[in-house]
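S.K.: Need the 3D shape of this:
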Amino acid sequence: LAIETVAALDRWPEELREGALYEEEGALAPAVLRSEASRPDRAVFAAEMDVDQEAVRRQRAQMDAVVAEVSGESLTPEAALEAHAADRISGTIRITFEADAAGRVRRRTKVTELSIEGADGAPETLTTTETVERRLVTRREP
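M.R.: Just a heads-up that it's a prediction; the model follows:
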């Protein structure tokens with residue numbers, strides 16, 4: 001799970017420009033990158049996508065199965081998924097890329113906002129922000 005998480009965070013677009021398509025895991029469909037701000041030393045591009053409801057259900061079921069295993073309880077993946085079958089899920093994923101003057105992505109920010117209404121009718125709102133930043137490391141002399 002940790003390796004998958006790190007790999008998911010290290011997603012950079014193949015083509016960083018206005019109008020390029022960007023795909024994000026967990027999104028319903030790709031979105032078009034839009035230029036949001038530009039300066040001689042920096043460019044910012046963003047895309048917003050609807051979440052894939054089934055992907056959210058699978059994530060929640062997987063988390064339930066992990067919690068059950070850690071707690072010493074028994075929960076099959078099928079039962080975990082069935083428990084979330086009636087969930088009403090909506091939300092967005094917003095991705096922002098900041099690039100330097102050479103066009104190299106230096107920062108990626110992903111904000112996921114979810115609204116979930118479980119089978120019991122209880123509303124739940126979740127907002128997750130992930131930021132990955134590439135920084136130059138200077139070598140220190142001993």
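
S.K.: in this protein, what spans have low per-residue confidence?
M.R.: 1-12 (pLDDT under 70).

S.K.: how does it look with 80?
M.R.: Scanning the chain for pLDDT under 80 picks out the ranges 1-15, 37-39, 119, 135-142.

S.K.: which residue ranges form the helices in it?
M.R.: Ranges of helices within the chain are 2-9, 53-70, 77-83, based on DSSP state H.

S.K.: now what about the last one, what contacts it?
M.R.: Helix 77-83 is touched from outside by 57-58, 61-62, 64-65, 68, 119, with contacts defined as CB atoms under 8 Å, 6 or more residues apart in numbering. In this view, the C-beta of every residue, glycine as well, is placed from N, C-alpha and C.

S.K.: Name the nearest of these relative to F45.
M.R.: Comparing the contacts of helix 77-83 against F45 with CB to CB places R58 closest, at 28.7 Å.

S.K.: Look up how far E25 lies from the closest one.
M.R.: 11 Å (CB to CB, to the nearest Å).

S.K.: the more surrounded of those two?
M.R.: A count of neighbours by other CB atoms under 10 Å puts R58 above the other of R58 and E25, at 16 against 11.

S.K.: burial count for the closest residue to the more buried one other than its chain neighbours?
M.R.: In space, and not counting its chain neighbours, R58 is closest to L81: 6.9 Å by CB to CB, 6 or more residues apart in numbering. Neighbour count of L81, defined by other CB under 10 Å: 17.
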